[in-house]
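Asker: structure for the following, please:
(one chain, ligands or ions: 1)
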Amino acid sequence: MSKVLEVIDLKKNYKYFNLNVSFSLKIGKITGFIGINGSGKTTTIKSILGLALKDSGIIKIFGKELNEKTEREIKNRIGVVFDEGYFYENLTLKEMKDIISPAYTNWDESIFEEYMKRFNLRIDQKIGNMSKGMKMKYSIALALSHEPDLLIMDEPTSGLDPLIRHELMEILLEFMKNKNKSVFFSTHITSDLDKVADDLILINKGKIVFCENKNELLDRYAIIKGPKEIIDSKIKSMFLSLKIREKSFEGITDEKNKIINMLSKNIKIEKPTIENIMLGHIEGDKNEINI
Ligand SMILES: Nc1ncnc2c1ncn2[C@@H]1O[C@H](COP(=O)(O)OP(=O)(O)OP(=O)(O)O)[C@@H](O)[C@H]1O
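Answerer: Residues are numbered from 1 along each chain as shown. Next up, the predicted model:
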């Protein structure tokens, strides 16, 4: 089995939002789950974990559907980190850990203690007195202390300073040294994924836009700039989003090679970032922009 997670036709309807997604995650890979605010990342993750009741669809984790029989076995193999820690603010780190750890048959107290030392966290400190970064580190210590095979993180880096975000990326890479581990990491801060992600899934308005290897994706897309007069309707249709200025244009395309062949002269080709690609798809939804 090469898939750690399979999501098939997952549907979840809220009054003003409909989620309808299918995708899978490969074992041994870090998959970034990207999308702007409100695109459906948290709803997807909560549905996968059974924290939000899905309307329909099949979710297989480690090849099995989550139900009463499989729940303990599957949850023993998953570590979860949420943006908003689901902790009681008036408890100490030890008291909260004592509530969470019995849920895992393979909880390893020595791993937890190691992380507490590494992160400079005091076990007798109250959760409510910790900074956002400290809470995230505590969350990671809890998520990794039962040696999960799949780490699911929902916006773990939002609101954190670059140093702590860098530390988190290091921890992920360390975790991935074991080839059987996998990470599913949702974020709208795409720069965090530049270094660590193997695969990327873009969600927009509750639908998957792409699910692809990061390097292949970055290779296929390009930012193209040039003089306005060489743009015609055929070329226009090959851009995801296009900004047309008085004399020039700038656009992002996933048909780099075709455009280069058609417009060999006078154009400048630049490598896009993950953020450029994400915004290209989202702005593309809103037609071309004339500046
Ligand atoms: N319990 C709920 N009841 C009604 N609507 C909801 C509920 N939870 C989420 N939504 C709506 O579903 C949409 C998707 O929200 P979701 O939190 O999944 O997005 P997200 O991509 O995680 O966004 P963010 O990056 O801001 O966390 C939003 O429009 C939100 O208002």
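
Asker: for the rest of this, base every contact and every neighbour count on C-alpha atoms.
Answerer: Fine.

Asker: what sits against the residue of the chain most remote from its centre?
Answerer: Checked against the mean C-alpha position of the chain, the extreme residue using C-alpha atoms, centre = their mean is residue 229, at a distance of 39.1 Å. By C-alpha atoms under 8 Å, 6 or more residues apart in numbering, residue 229 lies in contact with 247-248.

Asker: wait, a helix at it?
Answerer: Yes - counting by DSSP: H, G, I helix; E, B strand; the rest coil, residue 229 is found in a helix.

Asker: where's it relative to residue 36, distance?
Answerer: The gap separating residue 229 from residue 36 is 33 Å, by C-alpha to C-alpha, to the nearest Å.

Asker: ok, now which ones touch the residue in the stretch 151-291 of the chain that the ligand sits nearest to?
Answerer: Proximity of the stretch 151-291 of the chain to the ligand (C-alpha to the nearest ligand atom) peaks at residue 188, 6.2 Å away. By C-alpha under 8 Å, 6+ apart, the residues touching residue 188 are 34-37, 155.

Asker: pLDDT below threshold where in the protein?
Answerer: For the chain, residues meeting the criterion pLDDT under 70 lie at 1, 85, 285-291.

Asker: residues of the strand ranked longest in it that come out buried?
Answerer: The residue-count maximum for a strand in the chain (DSSP state E) belongs to strand 3-14. Neighbour-count burial for strand 3-14 flags 3-8, 10-12 (criterion: 16 or more other C-alpha atoms under 10 Å).

Asker: mind checking the SS state of residue 266?
Answerer: Going by three-state DSSP: residue 266 is coil.

Asker: how about it, nearest residue that isn't a chain neighbour?
Answerer: Spatial nearest neighbour of residue 266, excluding adjacent residues (C-alpha to C-alpha, 6 or more residues apart in numbering): residue 226 at 6.0 Å.

Asker: thought that neighbour was touching residue 265?
Answerer: No - assessed by C-alpha atoms under 8 Å, residue 226 is found out of contact with residue 265, at 9.0 Å.
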